[in-house]
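Enquirer: return atomic coordinates for the entry below.
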Amino acid sequence: MWDAAQLGEELGERATLVQFSSAFCAPCRATRRVLDEVAAMVPGVSHVEIDAEERLDLVRDVGVLKTPTVLVLDARGREVRRAAGQPRKVDVIAALGEAV
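Expert: Okay, the predicted model is just below:
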């Protein structure tokens, strides 16, 4: 279970999209745009981006192996889906269906 202390931000009311990124990762920038668009489209969904290089402890704890990695959390902070690589908007929306 995830909480605001781990994320550095509050959980979304219905779901949270957590993105692990690194500074020189081109797919991370595209992923940020997709997740921001989805969070803006779906009420109660927030997008939190975590710099993997700054949070190596958390990266190791949760088993992130590459950037971008996206976690979909439900309203309680339970991870319901995880994907590595740049997601398609339709896949993010489908994954949210499991969380809300």
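
Enquirer: now the strands for this structure?
Expert: Taking DSSP state E, the strands of the chain run over residues 15-21, 45-51, 69-74, 79-84.

Enquirer: report the angle between the third one and strand 45-51.
Expert: I take that to be strand 69-74. 140 degrees (axes from the mean of the first three to the mean of the last three Cα atoms, to 10 degrees).

Enquirer: helices or strands up against strand 69-74?
Expert: Packed against strand 69-74 by the contact rule (3 or more Cβ pairs under 8 Å, 6 or more residues apart in numbering; DSSP states H and E) you find strand 15-21, strand 79-84, helix 89-99. All C-beta atoms are positioned from the backbone trio N, CA, C, and that covers glycine.

Enquirer: so which of those is the most surrounded?
Expert: strand 15-21 (a mean of 25; mean count of other Cβ atoms under 10 Å).

Enquirer: next one: that strand to chain centre, how far?
Expert: Strand 15-21 sits 1 Å away from the centroid of its parent chain (Cα atoms, centre = their mean, to the nearest Å).

Enquirer: given that strand, what are its sheet partners and their directions?
Expert: strand 45-51 (parallel), strand 69-74 (antiparallel) (DSSP bridges).

Enquirer: I'd like the strands of the chain written out as CSV, with mean pLDDT and distance to residue 59 added.
Expert: Formatted as CSV, the strands of the chain follow (pLDDT from 0 to 100; distance: least, Cβ to Cβ, whole Å):
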stretch, mean pLDDT, distance to residue 59
strand 15-21, 98, 6
strand 45-51, 97, 8
strand 69-74, 97, 9
strand 79-84, 96, 12
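
Enquirer: distance to residue 28 for these - can I get that in a markdown table?
Expert: Written out in a markdown table, the entries for these read as follows (distance: least, Cβ to Cβ, whole Å):
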| stretch | distance to residue 28 |
| --- | --- |
| strand 15-21 | 4 |
| strand 45-51 | 8 |
| strand 69-74 | 10 |
| strand 79-84 | 11 |
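
Enquirer: could the helices and strands packed on strand 69-74 go into JSON lines alongside distance to residue 61?
Expert: Below are those laid out as JSON lines (distance: least, Cβ to Cβ, whole Å):
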{"stretch": "strand 15-21", "distance to residue 61": "12"}
{"stretch": "strand 79-84", "distance to residue 61": "12"}
{"stretch": "helix 89-99", "distance to residue 61": "21"}
